[in-house]
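1. predicted model follows, preceded by the sequence.
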Amino acid sequence: MRKILNMILRRVKEAESNRPRVPEPAVGRDKAQGPPYLTRDLDNNLKIIFDIAGRNPDLIVRHMEINLPGEARRCALLFLDEMVDSELMGSMIIEPVLKELPQVIKSRRAYTSLVDVIEKNVLTIPGVRQFASVSEIIGEVLRGNSALLLDKENKALICANRAYEVRSVEEPTLETVVRGPKEGFTESLSTNMALLRRKIAGPNLRFDQLWIGKYSQTRVAVTYIYGIADRGLVEEVKKRVSRISIDGVLDSGYIEQLIEDAPYSLFPTVGNTEKPDVVAARLLEGKVAVLVDGSPVALTVPRLFYETIQTPEDYYSRPYNSSVLRIIRLFFFISTVVLPGFYVAVVNYHPELIPRRLIITMAGDREGVPLPLVLEVVVFGIIFEGLREAGVRMPRAVGSAITIVGALLIGQATVDAGLVTSSTVIVTAFVGIAGFITPGLTDIFIIIRFFLVFLSGVLGISGLIMGILVLYAHMCSLRSFGVPYMAPIAPLNFSQLKDVYIRAPLWHLTTRPSFIAKENRRRMKEGLKPEPPEKGNNSSRK
Amino acid sequence: MFEGSKISSRQAVFLITTVIVPTSILFLPHMIYVAAKRDAWLSVLAITLFGLGVGDIIGRLGRRFPGQTVVQYSRRLLGPVLGGAVGLVYAGFFIYINAFVVREFSEMLVTNYYKETPQVVFVLGIVFVAVYIVWYGLEVLTRVNDMVLPLVLIMLGVLLITSVPIAEPENLLPVLDNGVGPVLQGAVPAAVFFDETVIMLVLISNLTRPAEARVAIAKAVLLVGLIQLLVVVTVVTVLGTLTENQLYPTLHLARHLRVGPYLANVDPLILLIWILGGFLKVTIFHYCATICAAQLLGLSGYGLVSVVNGAILSILAVVLWEDAIELSYQISRIIPPFFLAVQAGIPVLLLAVAFFKRQGVTAGDRN
């Protein structure tokens, strides 16, 4: 038996080893390939490059000849169509090389390397570097830079004249504010890094660059403020990000799903935002951000639950406004999760909670309604979610039609026809609207809601309590990059609550959250509470 | 330390309070009133003192053996056979008392609110929540408690404050009409509740600073005593002699809660938060029972033990008692001596043995 098995295994292995291997692409930073270096023969070099990168129509070679004393040296400029600034290329690369280089060489008696001379004396373009490794050269060219290869030289010059179409900095669509900066990230990582630099100009803002994605070669920047962010946290983020081995990263969402702590949990443990000022604020708290090229959404970790009820405006407007709004947000957050279950429990099991006159109306409503209450709430909840999804996906032009159908037919007519009770419609509508208050969590609410509705339908309020306890225990068990998810609510830390349920005055928030920034905690001088000048001064000024 | 979770002394105070308060405010007023009548509040003072004493013994015991639970150090003190027996007693005790609590709560729910739902559904629900939370460990349990206990206390505060207008202080007079005897008699069943600090025999091993255990227990007992005193005084002043006929006088109080003409019949809401506390109490006991059993069996993990324990717990809770009357009779008449022996007697014995054998860390050693 074992012999047969071994034989089969050997066969399989042999077949495996005999199969022709598809050559792996050797582009970019994939050092494992052991990059061949340039030779001193231009044609050979071009052949090596085209063998790896393929003869693509957008990879353009511009052949030139430089008139050196005694010889006409061939050279080639390699670049991608529509990825480079051709005007810049003409005036700062081609023109100097063809016109000035012969004169420079003439005026000099001796030189060691032609490449050095071109880099130091001829090219007027700002960014120039020398490369010898073929894979690195290809990587740079594919990223939009142009490569200058010379005959009889084994080094190439990479000129940074990358220029491609990017979206300009606009106001983000998801996170809108009334007061505060309105700019949002774009798809270009360089732009995003510049946006952050403009917020935090000090030398401690650090970007640690990584390349993720075997084929996409996406630039990822792990961003933090040196001296504030916990060093262990930065290392952990870098470790988790560089662990990723994937074919392509098309959005920061890929990274998010591959570094999060609780992939099975309903609750996100990685934060995201489209606004540079939010990222800057979180960096100043000691968090770490991950920017991904091609994605206008930055990730921030650790993400804690209380961020759900925070908005950037909380810090820009005065403490009273922010505190009141936070409490309202928390209230709506709780009600969007709990209210349907509570409604079912009360109507089914504890009608004594409802005022007497109202209950008569409600009982009359329920007469003749086909579905039992639990199903009614669930079905109507699903219809609401469907309408919402349709509202997001549909073309703008038919928007008003959907609104009329949704509001008039589904809302009003179903009640009139006696298909649902009006109180269910009210509860569903309220809960649906309340769900929009915490944008990142809107989609998961429906699952939690129905879980609680089911328990309430079976066991009344005590079932609701069981569900809430199970849910809350789960939330308490989560961690985001080592920080308890519910901190500082659980484990309870009284001194940190000043920035959770309410937002204390700015001059009172003198330290960073202790569970995030562990070493460098002071963020503001004590006693900055603004006070009017002494009375005497005041009157004299009048 | 068995499970690796660490809790602060403040969290320990919260845990003890959660263990005692939800059931004691529900059952104690009636139990004490039956014996002590209008001097019930004096009984509360008496048991608070008693609870302080027992808590101190438990604290001293835990301080001597930092990082160890009662199952571990009783073996060290009394040898494998006798020590193992003590461990078995505690594992059994925690399961039994938990069955009691589970049944009490499901009984109260069924008789008052869900008359048509089979009791076993509630028993299974409560036990499921307990097993679920224990599966996450003590750290999560304490974090959940950090939210639940404040809610329970706020709810209680609302209940007490709204009862003030209808209270009749004359109900408390005359003081000590029947002498000290009834007062002490009333304190006996109540002592069982106040000695639930016995959970610390297991939980001290998880304290970040075991030396603070005694203070933490004392704080918790005082807090619980204060709450209990307020509840008993309110119940007696509001309900008067009616207290004797009510199995759950505090619930009766909640039914009468009225804020102006608008807010009435809110007792399910009050109940709601109450159940929260009750669930956590069951969870804490379940945690202790599970840890004791796992250590007794010499296991390195406790996940499976927790599930098995939960199954035993559910069966016991359903099978052991016929109805609420029997439950109430047992807890006030039959159980107290046995429970007191486990909650106070064995710790005193263990401490004495440790003292004479000079075992464990003593105050002198630490300095």
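-> Perfect, thanks for sending it.
2. and the stretch 301-450 of chain A, which residues reach chain B?
-> Selection of the stretch 301-450 of chain A residues close to chain B by Cβ under 8 Å from any Cβ of the partner chain yields A:V346, A:Y349, A:H350, A:E352, A:L353. (Glycine included, C-beta is placed from N, CA and C.)
3. and the first one, what does it touch?
-> Which is A:V346. Shown in contact with A:V346 (Cβ atoms under 8 Å, 6 or more residues apart in numbering or on different chains): A:L353, A:I354, A:I461, B:P268.
4. most neighbours, which of the residues of the stretch 301-450 of chain A next to chain B?
-> Greatest neighbour count in these, by other Cβ atoms under 10 Å in any protein chain shown, goes to A:Y349: 23 neighbours.
5. low-confidence ranges in the stretch 51-200 of chain B?
-> Scanning the stretch 51-200 of chain B for pLDDT under 70 picks out no residues.
6. let me see the mean pLDDT of stretch A:451-461.
-> Per-residue pLDDT over stretch A:451-461 has a mean of 91.
7. which of the contacts of A:V346 fall in helices?
-> Applying DSSP state H to these, the entries found in helices are A:I461, B:P268.
8. which single one of the contacts of A:V346 is nearest to A:L80?
-> The shortest approach to A:L80 among the contacts of A:V346 belongs to A:I461, at 65.2 Å (Cβ to Cβ).
9. which residues in the stretch 301-450 of chain A form helices?
-> Taking DSSP state H, counting those that start in this stretch as the test, the helices found in the stretch 301-450 of chain A are A:313-316, A:319-349, A:356-366, A:373-393, A:399-404, A:414-416, A:422-435, A:442-477.
10. pLDDT weak spots in chain A?
-> Confidence mapping of chain A against pLDDT under 70 gives the ranges A:1-3, A:5, A:12-35, A:535-542.
11. related to what we said a few turns ago, would TSV of the residues of the stretch 301-450 of chain A next to chain B with distance to A:E389 be doable?
-> Converted to TSV, those look like this (distance: Cβ to Cβ, whole Å):
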residue	distance to A:E389
A:V346	29
A:Y349	32
A:H350	34
A:E352	38
A:L353	34
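12. residues contacting the residue of the stretch 201-350 of chain A found nearest chain B?
-> Closest residue of the stretch 201-350 of chain A to chain B, Cβ to the nearest Cβ: A:H350 (4.3 Å). By Cβ under 8 Å, 6+ apart, A:H350 lies in contact with A:G460, A:I461, B:Y113, B:P268.
13. okay, it and B:L272: tell me how far apart.
-> For A:H350, the distance to B:L272 equals 9 Å [Cβ to Cβ, to the nearest Å].
14. overlap in contacts, these two.
-> A:I461.
15. which positions in stretch B:17-35 come out as buried?
-> Buried positions in stretch B:17-35, judged by neighbour count with 16 or more other Cβ atoms under 10 Å in any protein chain shown: B:17-35.
16. now do stretch B:100-108
-> Neighbour-count burial for stretch B:100-108, with 16+ other Cβ under 10 Å as criterion, is recorded at B:F100, B:V101, B:V102, B:R103, B:E104, B:F105, B:S106, B:E107, B:M108.
17. narrow those residues to those in strands?
-> In strands, judged by DSSP state E, none of those are found.
18. same list (those residues) but as JSON lines, adding distance to chain A.
-> As requested, those are exported to JSON lines (distance: Cβ to the nearest Cβ, whole Å):
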{"residue": "B:F100", "distance to chain A": "18"}
{"residue": "B:V101", "distance to chain A": "15"}
{"residue": "B:V102", "distance to chain A": "13"}
{"residue": "B:R103", "distance to chain A": "15"}
{"residue": "B:E104", "distance to chain A": "14"}
{"residue": "B:F105", "distance to chain A": "9"}
{"residue": "B:S106", "distance to chain A": "9"}
{"residue": "B:E107", "distance to chain A": "13"}
{"residue": "B:M108", "distance to chain A": "10"}
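19. wait, which of those residues is closest to A:N154?
-> The shortest approach to A:N154 among those belongs to B:V102, at 81.0 Å (Cβ to Cβ).
20. can you map out the helices along the stretch 101-250 of chain B?
-> All helices of the stretch 101-250 of chain B, identified by DSSP H, counting those that start in this stretch, fall at B:119-136, B:138-163, B:181-194, B:200-203, B:213-239, B:249-255.
21. how about those, which one is nearest A:F331?
-> Among those, helix B:138-163 comes nearest to A:F331, with 14.8 Å by Cβ to Cβ.
22. remind me what that closest one packs against, helices and strands.
-> With contacts taken as 3 or more Cβ pairs under 8 Å, 6 or more residues apart in numbering or on different chains; DSSP states H and E, helix B:138-163 sits against helix A:442-477, helix B:9-36, helix B:119-136, helix B:213-239, helix B:249-255, helix B:267-296.
23. could you point out which element follows the second one?
-> Scanning the chain past helix B:9-36 towards its C-terminal end, the next helix or strand to appear is helix B:40-64 (assignment: DSSP states H and E).
24. cool, the last one as well?
-> Secondary structure here is assigned by DSSP H and E; on that basis, the next helix or strand after helix B:267-296 toward the C-terminus is helix B:303-319.
25. now the next helix or strand after that following helix: buried residues?
-> Under the assignment DSSP H and E, the closest C-terminal helix or strand after helix B:303-319 is helix B:324-329. Neighbour-count burial for helix B:324-329, counted by 16+ other Cβ under 10 Å, picks out B:A324, B:L327, B:S328.
26. which pLDDT does the model give the first one?
-> Think B:A324. For B:A324, pLDDT reads 79.
27. and A:R393, how many neighbours?
-> Counted with other Cβ under 10 Å, the neighbours of A:R393 add up to 7.
28. ditto for A:R479
-> Close neighbours of A:R479, defined as other Cβ under 10 Å, add up to 16.
29. wait, what's in contact with it?
-> With contact taken as Cβ under 8 Å, 6+ apart, A:R479 is in contact with A:D261, A:A262, A:T269, A:Y485.
30. distance of the residue nearest to the third one when sequence neighbours are not counted from chain B?
-> Here the nearest residue to A:T269 in space, its sequence neighbours aside, is A:S480; by Cβ to Cβ, 6 or more residues apart in numbering or on different chains that works out to 4.0 Å. For A:S480, the distance to chain B under the criterion Cβ to the nearest Cβ, to the nearest Å works out to 14 Å.
31. list the contacts of A:S480.
-> Counting by Cβ under 8 Å, 6+ apart, the residues that A:S480 touches are A:D261, A:T269, A:V270, A:V301, A:P302, A:R303, A:L304.
32. for the first one, give me its contacts.
-> Looking back up the chat, that one is A:D261. Applying Cβ under 8 Å, 6+ apart to A:D261 gives the contacts A:T269, A:L478, A:R479, A:S480, A:F481.
33. just the residues you listed now: which is nearest B:V86?
-> Distance to B:V86 across the contacts of A:D261 (Cβ to Cβ) is lowest for A:R479, with 36.9 Å.
34. tell me what that closest one is bridged to.
-> For A:R479, the beta-bridge partners are A:P484 (DSSP bridges).
35. chain B versus that one, what's the distance?
-> To chain B, A:R479 is 10 Å away according to Cβ to the nearest Cβ.
36. got it, and A:R366?
-> Remark: distance between A:R366 and chain B (Cβ to the nearest Cβ) = 19 Å.
37. show me what contacts that residue?
-> Contacts for A:R366 (Cβ under 8 Å, 6+ apart) come out as A:L373, A:T421.
38. quick check: it vs A:L459, distance?
-> 20 Å.
39. for the nearest residue to A:L528 once chain neighbours are set aside, give me its contacts.
-> Closest residue to A:L528 in three dimensions, ignoring its sequence neighbours and counting by Cβ to Cβ, 6+ apart: A:W507, at 4.3 Å. By Cβ under 8 Å, 6+ apart, the residues touching A:W507 are A:M524, A:G527, A:L528, A:K529, A:P530.
40. can you give me every residue that contacts the closest residue to chain B within the stretch 51-200 of chain A?
-> The minimum distance from the stretch 51-200 of chain A to chain B, using Cβ to the nearest Cβ, falls at A:E175 (28.5 Å). A:E175 makes contact with A:G184, A:T273, A:E274, A:K275, A:V278, A:T311, A:P312, A:P439, according to Cβ under 8 Å, 6+ apart.
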